[in-house]
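Asker: return atomic coordinates for the entry below.
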Amino acid sequence: MTERDTTIQRYSGLARLALAGGTPLDCEADAFTDGCFGAAAYTEHDVPESALRASLGCGNPLAVADLLPGETVLDLGSGGGLDVLLSARRVGPAGHAYGLDASHDMLSLARANAEQAGVTNVEFLHGHIEDIPLPSAAVDVVISNCVINLSLDKPAVLAEAFRVLKPGGRFGISDVIADDEVEPAARSAAEQRVGCANGTLTACEYRQLLTGIGFVDVQITPTTDAGGGLHSAIVAATKPETR
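Answerer: Next up, the predicted model:
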């Protein structure tokens, strides 16, 4: 079994737990201590309780996405569908929200939550965030909530996000980042504690990758101290109009 398969299997188990009425948790209970983990990061509660309960993120990317009516949004690693449902309501009936996930169980959970919420301008896709099953220049906004750190090929994920964005499109995600000076062993231990099984990027590494791909207006804002030199952060960038 590959590391990717192990990650998918782990989150499939969490989805089945949520479908059965349980509350999934993919990090130690005290990993985020200021109320910015999972459902606690959201003020919206007009969505199915099961979607909130299954939220496994480290922030709220919609807080900076500034979605507009009629836009098309893609959520990378959409899990139980919370951010997709909230995005769909913000872009309205003229807009559309895609959720992409590699776990069939997570997709089943998200579709059930969408049906319960009565949201119809959504579509949940099966696939990998390193190879997004959408054409180039297909979406206005790419969001994600604590998922890119799970990828073994983060440059590919960011390049794919750039590809599917329309010129002028916006990239706004929550993720876990590491301080530059943390020793490798301590960093690895902290990553395991918060559920980042496949490693984190530093703010500098994120910025270099995004600008190297072609993004502009890169902003990286730490939001929550996760301990051990790790922080949740909002990462935002824009695809230039001319590319």
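Asker: state the distance from Ala159 to Lys239.
Answerer: 12 Å (C-beta to C-beta, to the nearest Å). Where C-beta positions appear, they are placed from N, C-alpha and C, glycine not excepted.
Asker: between those two, who's got more neighbours?
Answerer: Neighbours were tallied for Ala159 and for Lys239 using other C-beta atoms under 10 Å; the higher tally belongs to Lys239 (25 against 17).
Asker: what sits against the more buried one?
Answerer: 162, 165-171, 214-216 (C-beta atoms under 8 Å, 6 or more residues apart in numbering).
Asker: mind putting these into a markdown table with distance to Ala88?
Answerer: Below are these laid out as a markdown table (distance: C-beta to C-beta, whole Å):
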| residue | distance to Ala88 |
| --- | --- |
| Phe162 | 23 |
| Leu165 | 18 |
| Lys166 | 18 |
| Pro167 | 23 |
| Gly168 | 21 |
| Gly169 | 18 |
| Arg170 | 17 |
| Phe171 | 19 |
| Gly214 | 28 |
| Phe215 | 25 |
| Val216 | 28 |
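Asker: just name the closest of those residues to Thr223, please.
Answerer: Minimum distance to Thr223 across the contacts of Lys239 is 16.6 Å, recorded for Phe171 (C-beta to C-beta).
Asker: hmm, which of the contacts of Lys239 are the buried ones?
Answerer: Those of the contacts of Lys239 that meet the buried threshold are 162, 165-166, 169-171, 215, by 16 or more other C-beta atoms under 10 Å.
Asker: the residues you listed in strands, which ones?
Answerer: Judged by DSSP state E, strands contain the following of these: 165-166, 169-171.
Asker: so which pair among those residues is furthest apart in space?
Answerer: Every pair of these checked by C-beta to C-beta; the farthest is Lys166 and Phe171, at 11.6 Å.
Asker: worst-scoring helix or strand of this protein, pLDDT-wise?
Answerer: Within the chain, no helix or strand scores below helix 49-53, which has a mean of 66 by mean pLDDT, DSSP states H and E.
Asker: kindly list the longest helix within the chain.
Answerer: For the chain, the helix with the greatest residue count under DSSP state H is helix 3-19.
Asker: buried residues in it?
Answerer: For helix 3-19, a neighbour-count test (16+ other C-beta under 10 Å) marks 4, 7-8, 11-12, 14-19 as buried.
Asker: farthest pair in these?
Answerer: The most distant members of the buried residues of helix 3-19, if one measures by C-beta to C-beta, are Arg4 and Leu19, lying 22.4 Å apart.
Asker: and the strands in this structure?
Answerer: Assigned by DSSP E, the chain shows strands spanning 72-76, 96-101, 122-126, 139-145, 165-178, 201-202, 216-227, 230-238.
Asker: looking at the ones you listed, which is closest to Gly195?
Answerer: Closest to Gly195 of the strands of the chain, according to C-beta to C-beta: strand 165-178, at 8.5 Å.
Asker: and that closest one, what's its mean pLDDT?
Answerer: The pLDDT scores in strand 165-178 average 95.
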